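A.B. asks: next comes the sequence, and after it the predicted model I'd like to discuss.
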Amino acid sequence: MKQLNWNQTQQFLDEAIGTGLVPGALAQVGIGDETLWQYIGGFAELGANPRPMQADTWFDLASLTKVMSTLPAILRLIERNRIRLDDPVSQFLSGFSERWNSVTIRHLLTHTGGLASHRDYHATLRGRESFLAAIEQEPWDSLPGTKVTYSDLGFILLGAIVESVSDMPLDKFVTEYIFHPLGIKDATYCPDPSIQLACAATEAVNQQAWVGTVHDENARAMGGVAGHAGLFATLGAVSRYTALWAGHDHSLLSSPVKSLATQLWTKGLGGYRGLGWVLAQDPYDVSGTLWPQTGAGHTGFTGTSIQFDGSTGLWAVLLTNRVHFGRDKNISPLRRQFHDMVASTVL
């Protein structure tokens, strides 16, 4: 068996913190159900009363919400024959006009629904219904099914579809049907005050950092629960979920549905996308050069990321609070180098 030496990876993350690229970080690497290495470094919050990062620090996962909450919820509904990939959006969302007959569940999951990437709805709107009404009126950014455009709006709709089909709020559905079956207790939307005190700080506005309140403005304006952002979790929870995709655990999602989600659906459309997942060579891919090309992953704006490969069973979770230093810190090179170090160490 290969002797694993994590010194280089440890030093690399230490340097990222020491040079001020990120305030702090947690990382975990494994193969299948086995954890091989864990890292804890830096600070969950800086300022007058700095808080060191802890193994059980909670993170605002940002867009990891898409693949850790909304995606598995949709896949569970597909497995239960409650929805199908090619069902139109208009079948599930009342008030959506006939033009939405051309947009399917598959389109939204692969970011080919024709919608813009983002809108600052939070500036004028509050609540789920007002957001859905605004998205219904959105002009096509491109014709549905013709182009990959990473879209928060599409995943807001997917979250609403989960609620419509299940007749449950999204946060309640994912807690009962995703997290409980996996034994995950430390993942939630809208963390209560006791959890907030253990959250890594995100962006500081007027010298006051967001702590335990979702950073994404649209998710915040929707009440904290949305299909595109809003989920908080610990390293243990994110690792448990990521290992599910890398290993042979089919207790939550069957092997066929996992294969369905990680295959390429967007050939020739300007991106490499599975269902929800970012695949190798996509513009948003941060897997690095050495990570297996059969892998998949996702990132979150706050500084979070997960990467896995079903063929080797390898997975890696990197959680940072990079936006605590502001929105301009680009950590894509950090993520790629981290994944390269992990792959070269393990494989």
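C.D. replies: Yes, it's here.
A.B. asks: give the contact list for the closest residue to Gly32 other than its chain neighbours.
C.D. replies: Take Gly32 and drop its neighbours on the chain: the residue closest to it by Cβ to Cβ, 6 or more residues apart in numbering is Gly247, 3.5 Å away. No exception for glycine: its C-beta is placed from N, CA and C like everyone else's. Contacts for Gly247 were tallied using Cβ atoms under 8 Å, 6 or more residues apart in numbering; they are 31-33, 313.
A.B. asks: I'd like these as CSV, with secondary structure and neighbour count appended.
C.D. replies: Formatted as CSV, the contacts of Gly247 follow (DSSP: H, G, I helix; E, B strand; the rest coil; neighbours: other Cβ atoms under 10 Å):
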residue, secondary structure, neighbour count
Ile31, strand, 17
Gly32, coil, 15
Asp33, coil, 13
Gly313, coil, 18
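A.B. asks: could I get those as CSV with pLDDT and distance to Ser102?
C.D. replies: Formatted as CSV, the contacts of Gly247 follow (pLDDT from 0 to 100; distance: Cβ to Cβ, whole Å):
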residue, pLDDT, distance to Ser102
Ile31, 97, 42
Gly32, 96, 41
Asp33, 94, 42
Gly313, 98, 39
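A.B. asks: looking at those, spot the one nearest Arg106.
C.D. replies: Nearest to Arg106 among those: Gly313, at 27.3 Å, using Cβ to Cβ.
A.B. asks: mind checking how far that closest one is from Thr289?
C.D. replies: To Thr289, Gly313 is 20 Å away according to Cβ to Cβ, to the nearest Å.
A.B. asks: where do the strands sit along the protein?
C.D. replies: Assigned by DSSP state E, the strands in the chain fall at 24-31, 34-45, 51-52, 58-60, 187-189, 204-205, 208-209, 231-234, 278-279, 296-300, 304-308, 314-320.
A.B. asks: format those strands as a markdown table; extra columns: distance to Pro181.
C.D. replies: As requested, the strands of the chain are exported to a markdown table (distance: least, Cβ to Cβ, whole Å):
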| stretch | distance to Pro181 |
| --- | --- |
| strand 24-31 | 20 |
| strand 34-45 | 20 |
| strand 51-52 | 32 |
| strand 58-60 | 21 |
| strand 187-189 | 12 |
| strand 204-205 | 37 |
| strand 208-209 | 34 |
| strand 231-234 | 16 |
| strand 278-279 | 25 |
| strand 296-300 | 21 |
| strand 304-308 | 19 |
| strand 314-320 | 19 |
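A.B. asks: quick check: which of those strands is nearest to Gln10?
C.D. replies: Going by Cβ to Cβ, the one of the strands of the chain nearest Gln10 is strand 34-45, 6.4 Å.
A.B. asks: buried residues in that closest one?
C.D. replies: Within strand 34-45, the residues that count as buried by 16 or more other Cβ atoms under 10 Å are 36-45.
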